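**Q** Need a 3D model of the following:
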Amino acid sequence: MKHTLSIAMLAIGMFLSTSLLAQEKHKIDENDYANQSVEMADGFRAEGKIYVVVAVMVALLGGFTFYVVRMDMKVTGLEKKVEEFLQGK
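**A** Residues are numbered from 1 along each chain as shown. Okay, the predicted model is just below:
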């Protein structure tokens with residue numbers, strides 16, 4: 001019963017999601033190809049906020065890297081303990 005219900009909900013969800021669009025489609029013209037500036041980045045750079053954005057990105061990347069390395073060390077330690085336990089049996 002649960003399996004049938006979950007399949008039915010998945011099918012309904014997939015059917016309803018086909019009508020959703022992420023954004024409207026716009027026709028691309030020559031002006032779009034000629035545009036070489038990015039207004040948001042230019043504004044951040046002019047106000048000096050681009051350094052804050054870069055610092056936040058570096059901090060996040062560093063934090064994620066530290067977290068993954070730390071988890072790897074913990075998992076490696078647990079693997080060694082399990083292996084020692086199984087050999088001692």
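**Q** Sketch out the low-pLDDT regions of this protein for me.
**A** 1, 18-23, 35-38 (pLDDT under 70).
**Q** Kindly list the longest helix within it.
**A** For the chain, the longest helix by residue count, based on DSSP state H, is helix 50-88.
**Q** buried ones in it?
**A** If you call a residue buried by 16 or more other CB atoms under 10 Å, then helix 50-88 has no buried ones at all. Heads up, the C-betas are built off the backbone N, CA and C, glycines and all.
**Q** tell me what it is packed against?
**A** Using 3 or more CB pairs under 8 Å, 6 or more residues apart in numbering; DSSP states H and E, the elements in contact with helix 50-88 are helix 39-47.
**Q** now the angle between helix 50-88 and the helix it packs on, please.
**A** 100 degrees (axes from the mean of the first three to the mean of the last three CA atoms, to 10 degrees).
**Q** Run through who's touching helix 39-47.
**A** Helix 39-47 has contacts (CB atoms under 8 Å, 6 or more residues apart in numbering) with 49-50, 53.
**Q** buried stuff in the helix or strand containing residue 15?
**A** Here residue 15, judged by DSSP states H and E, is contained in helix 2-17. For helix 2-17, the neighbour count (16+ other CB under 10 Å) marks no residue as buried.
**Q** ok now it, how far from the chain's centre?
**A** Put simply, helix 2-17 sits 26 Å off its chain's centre (CA atoms, centre = their mean, to the nearest Å).
**Q** Also stretch 68-81?
**A** Stretch 68-81 sits 24 Å away from the centroid of its parent chain (CA atoms, centre = their mean).
**Q** cool, stretch 74-89 as well?
**A** Stretch 74-89 sits 33 Å away from the centroid of its parent chain (CA atoms, centre = their mean).
**Q** Same question for stretch 30-45.
**A** Put simply, stretch 30-45 sits 25 Å off its chain's centre (CA atoms, centre = their mean).
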